[in-house]
Each structure stands twice: as structure tokens, then as C-alpha cells.
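Undergrad: need a structure here:
(2 chains)
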There are 2 protein chains.
Amino acid sequence: MSAPVIAIDAMGGDFGPHCIVPASIAALAEFPSLHLVLVGQAPVLEDSLARHPGVDRSRLRIEHASDVIAMDERPAQVLRGKPDSSMRRVLEMVRSGQAQACVSAGNTGALMALSRYVLKTLPGIDRPAMVTAVPTERGHCHLLDLGANVDCSAEHLYQFAVMGAVAAEALGIERPRVALLNVGTEEIKGNQQVKLAASLLQQAEGLNYIGYIEGDGLYRGEADVVVCDGFVGNILLKSSEGLVGMVSMRLEALFKQSLGARLVGALALPLLRRLQGDLAPARHNGASFLGLQGIVVKSHGSAGPDGFQSAIRRAYREVHEDLPQRLHGRLEHLL
Amino acid sequence: MSAPVIAIDAMGGDFGPHCIVPASIAALAEFPSLHLVLVGQAPVLEDSLARHPGVDRSRLRIEHASDVIAMDERPAQVLRGKPDSSMRRVLEMVRSGQAQACVSAGNTGALMALSRYVLKTLPGIDRPAMVTAVPTERGHCHLLDLGANVDCSAEHLYQFAVMGAVAAEALGIERPRVALLNVGTEEIKGNQQVKLAASLLQQAEGLNYIGYIEGDGLYRGEADVVVCDGFVGNILLKSSEGLVGMVSMRLEALFKQSLGARLVGALALPLLRRLQGDLAPARHNGASFLGLQGIVVKSHGSAGPDGFQSAIRRAYREVHEDLPQRLHGRLEHLL
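TA: Purely as a prediction, here's the structure:
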């Protein structure tokens, strides 16, 4: 791979350049061949960069974009207005080949709408899906869709399964086990879309479809790729995040409660905090938009520098694996 | 309240009488006015009871039912065949007034189908819903539906909201905050059913509807009643159960890993186990079927004696609060 260029929407997310600039500098240190383009309001970005002396500017350049998309703007407004937003510009750089991937922590709905408009989907794909790696008892599983599509047909679920399998393969899993998320594992369970998607997947050759999986099976690590509609996926991911927060809070309270426990707590809390980090995938890893003619990684809006750096790492790996091209090849076969 | 009678399906669940008989005996000790009827294969139950000498048989009687419903039998088969199942018999005892409530750990689909057939729904209710108390950062919230209805219209969600609010009130929460589970809190978010249900709930007088809630808000305790369709609710509940299992596993591993941590672990593990119990509501509390002309509580299939005893406790409280009658009164007002 020749020196890859990743375009960074430097204005997105809850913390904007304050988080994204240090994350970008850390990513440059992590990957010596990486080049980054920080896109956003140049004066703000120059100011932010000035606080980090010694940055290798031959691998980090700033490109000015005057508009900023707010976290609560409607996708339709974003499509019509704001032609010079940092979010739109990073996508245009990917389309034109100036960058091989882009990363944004901005408004998810706007990023999805702009991605479809600027990059277009791969042939055979109706809708892109969002995927991330969720920790399980045995490692990780790739869960999709995470909220890009609230209503899905059986065909959409089928396409998500194919895309998830190819992405999991690209990230190093051999013959990934693909499962459909359902309210039971018996054939009669589930709604119409899920049952129909199951029959499509049973007929798919070259896909290691293992059947239905329940919510607890997901965390037991019974599949490598778990497929659901975006409504369910989003609620699963966010409720898991909330639950981990609650468990941590209760554990801390528990360790502070009793006399003996206080000693235990002093020793245990650092361990717990590390675990909490592992268990909040949305906040700590990037999520990919699969099915586009280009690589788009979404970092969580409230991610800190570590989280944003993870998102850059994810984009870097997808460039390395040439994920859209791989997807394109497999989709021709499977769709 | 005169001495309440609760009918127990003694053959259901993964462990049958081995779990249900000791749980019933413990419930009799907990509630001195309670009477129980154990329904099932009399010889098996007598045998089980014989292992617990000193039981007050004036408050515990056995009623023979020859058929047993398997955990994987289809609801349609159960409705047609097996007229003398323990599950059907406990429901018939509630209908005839011989018992004020029943508890079963059997096949959920069969119990729901039989409940609707034997007891019928309250006027104005199309479908019963399953509800349980889920722990949050601030206490508990009542989540419904948990899987009885995989496809729901806006009207169904509205009915669930009303029933959940009344049940929460009966269990001691004043003016419970009712929220709809969604993928965002902005008005434009969500699928058609959820958006339509929101507009119905906004117009409902006498209901403390607070709007949309996300998965993480649920665990932060932002609502007392959280409403969703049974597909989403089931997946949320089971994935939460799986996640707590995974967190416990990882914590235990963490505490065994390092030298210093091992000492911490010895002290911390008992605390963790207790917490794990609190956090697995499906396994540890009963779930109620709301909207029927009678009280039906479902215990988790894999519940141990403690879990089954909790389910009996839930049924006892609902008898005490005369929940179906309260629901009936409020529904006339709100539907």
C-alpha cells in the first residue's frame, strides 16, 4: 500500500478540534506512512495545531471548509444547504481519490445522507449499514445495522449479512459465523422480515450462515457477525452502553460501602475502569458505513481522543484491506 | 384481603418440581396468609413434597393434572391438544375464582396463548403484554413488552403504555414517567409505529408521558415505564442478561489475573455475585402478563427456587393491589 491519505472532518463531534487534533497527531505517530488532511475552519485548526509543537506538517495538512454541520441538524437541511461543510468535503475527497478514506464524529444522520449522495452505494446495495465490533465472551462480534436504517426488509437484512461477513473476513476472521438476531432460536420465532431473511440466507452459497441468535447468545460469542435492523441494533448498542455504566456505578458504590470493601475498591477500581473502556464499543471504536463506494468511518460524537484515534485506526485498516473493492467482488457473487 | 390462593403450575420450567416445590414452601413461610395449590402430576409432586417434612399441608394442596407442556411445544398444538395440562388448569382455576392468581415457569408462547384463550383480555385491550422490573441507576423501571408481541401497531404501543403506567402505580410509583423506546430523542427519529404512538400518547390525559427514551437513558433511570414492541424488548432484556454474564466473567478473570488482583478477587467475588443477581431481572423476578382478566405471572424457565419465589411474590402483590380491576378502571378512562 502506498502512503494512504485519510481525510478528517475536524469540526464534528461534541468536542470538535480539541479532541480531533490530538487524536490525529497520535494516529500519525502510530502509522508512520499515514498522511492526514484536517478539514475545517482553517484559523481554528491552525490555532489548535499550534498547541502541539513538533508535528510533522509534511504528513498533516489543513484544508479550509467554511461550514460546520451541527449535531442536531436534519439530514435534509444538510443536503440542501451548507455546500462547503467539512463533512461534505471529506466525502468529496474520497470520491475524487484525493483521500482513500474519511473519518467524522459528526451528526450520524447527516453523514449517512451525505455519504449516499456523494459516494453512492455499491452495485446491488440499496442502503449502507453501520457496523462496529462489540466485545463478547470469546472476543468480538460485528453487529449491524446500528441505526442507519430503522425499517428494513428481508432483502436489506440479507445484504447486511453479506456485507458484515465480508467486513469480518477483511478484519481477519476466517469463515465468519453469520447469525440473524431474533427473539428465539426456533424456526417459528420472529417477525416476517426476519423469517424471510432467514430463508434467503439459508440458500446463500459461500456464506457461513448459522441461523438465529438471541441477545444473550450475542454476548456469549456464538456468532462473528450479528444482523438486525437499525432500530434494534441501535437500542441494543445504547442499552448495553447504559448497562455497563450502571454496573460500573454499582460496583464502585459496592466497593465504597463496607469497610473491607473499601480496600478492595481501591485496588479494583482501576481494573474496572479499563474494563469499562473495553465494553463501550460505540464510544471507543469507530463504526464503519458499509456498502458505499468509499471508506467512511464514524466516530462516536462523545468520543475522546482515544476513541477518535481508534476510528482513524479502523479507517486505516479498511484502506489496507481495500474493503470496498473486496465487498464489490463478493457482492457480485452473492447478490 | 382474605387469604389469597395462588395456583402454581408445578411442572413448568427447566427444573420442574425440583425447583418449584421448595420455592412454594419458602413463599408460604414468607406470607403467612397465603394458600397455594400445586398443579401437576400428583405422584411426582407428592414425592417431591415428601422430601420437605413439616410443610403445613392445610395451606398447600396438590391438584392432579395429567398432561405436561414441553418447553418447545408450539402454542397452536398446546391449544388443540393437552386439555389436562398443569398450565391450562392453573388458568382455569383463576377464571373460576378458585385462585386469585397463577404462576408458571413453562413455555412462554404456550402460556400466552392459553392465557388469552382461557382468561380473555380486558375490554379495550387487543393483546396482553409482558412486563418486568429492570434495575436502573436510580432504582427500577418497568419494561414492556418483553416478547409476547413481535409486531406491534401504534395502538398496541399506546395500550402497553397505559397498562405499564397502571401497573407501576399499583407497585407504588406515583405519577410514573412513561417513555417510548426509540433510536433518538428528537421528534423526527424512529419508525412509523413509534412516531404514531408518540402522537397518541401526547394527547392522553392522566398519563405522565415524557417522550422518547434511548437505550442508555433506560439504564440511567430516566423513566419509570419504558414501552417498546416485543421484538425489541426481548432482545434488550436478553442482551442485557448476556452482557451482565460477560462482565461478570471478565471481572472474575481480571481478579484472577494478577498477583495483587487475586487477593482483591477473593474479597470482591461474593459482592459481584450478589450484583449479578440484581442485574438479571428476567431470571430473578417474575414477569406479569398485563391486560388479561386475571393475574398471570411468568417465571423464567431457568429460574432457580429464589427466582420462582420472586414470581410468587409478584403474583401475591398483584392480588393485594387487585391489579386487573385497577387496570379495568383506568382503561375505561384512557382507551
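
Undergrad: who's in contact with residue A:107?
TA: Remark: with contacts taken as C-beta atoms under 8 Å, 6 or more residues apart in numbering or on different chains, residue A:107 is in contact with A:12, A:69-73, A:75, A:78, A:87, A:301. The C-beta positions use only the backbone N, C-alpha and C, and glycine is treated the same way.

Undergrad: any idea how far chain B is from it?
TA: Using C-beta to the nearest C-beta, to the nearest Å, one gets 11 Å for the distance from residue A:107 to chain B.

Undergrad: so what's whichever residue of the stretch 51-200 of chain A sits closest to chain B closest to, chain neighbours aside?
TA: The stretch 51-200 of chain A approaches chain B most closely through residue A:183 (4.2 Å), counting by C-beta to the nearest C-beta. In this structure, residue A:183 finds its nearest non-sequential neighbour in residue B:234, 4.2 Å apart by C-beta to C-beta, 6 or more residues apart in numbering or on different chains.

Undergrad: pLDDT below threshold where in the stretch 1-150 of chain A?
TA: Applying pLDDT under 70 to the stretch 1-150 of chain A flags residues A:1.

Undergrad: how many other residues sit next to residue A:270?
TA: Neighbours of residue A:270 under the rule other C-beta atoms under 10 Å in any protein chain shown: 9.

Undergrad: surely residue A:315 meets residue A:6?
TA: Yes - between residue A:315 and residue A:6 there is a contact at 5.3 Å, judged by C-beta atoms under 8 Å.

Undergrad: next, show the common contact partners of these two.
TA: A:101-103.

Undergrad: can you tell me which of those residues are buried?
TA: Neighbour-count burial (16 or more other C-beta atoms under 10 Å in any protein chain shown) applied to the shared contacts of residue A:315 and residue A:6 gives A:101-103.

Undergrad: where strands are concerned, which of these count?
TA: The members of these that map onto strands under DSSP state E are A:101-103.

Undergrad: any chance of these in TSV, plus distance to residue A:322?
TA: Conversion of these to TSV gives the following (distance: C-beta to C-beta, whole Å):
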residue	distance to residue A:322
A:101	11
A:102	16
A:103	17
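
Undergrad: out of those, who's nearest residue A:51?
TA: Residue A:51 lies nearest to residue A:103 out of those, by C-beta to C-beta, at 20.8 Å.

Undergrad: hang on, the earlier thing: so of the contacts of residue A:107, which ones are in helices?
TA: A:75, A:78, A:87 (DSSP state H).

Undergrad: if we can go back for a sec, most neighbours among the contacts of residue A:107, which one is it?
TA: Highest neighbour count within the contacts of residue A:107: residue A:12, with 33 neighbours (other C-beta under 10 Å).

Undergrad: list the contacts for the closest residue to that residue other than its chain neighbours?
TA: With C-beta to C-beta, 6+ apart as the criterion, residue A:12 has its nearest non-adjacent residue at 2.9 Å, and that residue is residue A:106. Neighbour list for residue A:106: A:9, A:11-13, A:69, A:71, A:86-87, A:301 [criterion: C-beta under 8 Å, 6+ apart].

Undergrad: and residue A:106, that's in a helix?
TA: No - using DSSP: H, G, I helix; E, B strand; the rest coil, the secondary structure at residue A:106 is coil, not a helix.

Undergrad: can you list phi and psi of the most centrally placed residue in chain A for me?
TA: Ranked by distance to the mean C-alpha position of chain A (C-alpha atoms, centre = their mean), the top residue is residue A:287 at 0.1 Å. Torsion angles at residue A:287 (phi, psi; degrees, to the nearest 10) stand at phi -110, psi 140.

Undergrad: and it, what is it in contact with?
TA: Residues in contact with residue A:287 (C-beta under 8 Å, 6+ apart) are A:130-132, A:146, A:297-300.

Undergrad: most neighbours of all those, which one?
TA: Among those, residue A:299 has the most neighbours (other C-beta under 10 Å), with 32 neighbours.

Undergrad: from chain B, how far off is that residue?
TA: Residue A:299 is 17 Å from chain B, where distance means C-beta to the nearest C-beta.

Undergrad: what does residue A:207 give?
TA: Using C-beta to the nearest C-beta, residue A:207 is found at 22 Å from chain B.

Undergrad: and residue A:173, what does it touch?
TA: For residue A:173, the contact set (C-beta under 8 Å, 6+ apart) comprises residue A:224.

Undergrad: residue A:296: what secondary structure?
TA: Residue A:296 ends up strand, using three-state DSSP.

Undergrad: just the pLDDT for it.
TA: Reading off the confidence values, residue A:296 has pLDDT 97.

Undergrad: count the neighbours of it for me.
TA: 29.

Undergrad: repeat for residue A:16
TA: By the criterion of other C-beta under 10 Å, residue A:16 has 21 neighbours.

Undergrad: got the phi and psi for it?
TA: For residue A:16, the backbone dihedrals (degrees, to the nearest 10) come out as phi 50, psi -140.

Undergrad: just the strands from chain A, written as ranges.
TA: For chain A, the strands defined by DSSP E cover A:5-9, A:35-40, A:60-64, A:101-104, A:129-135, A:140-144, A:178-181, A:209-213, A:225-227, A:287-290, A:295-298.
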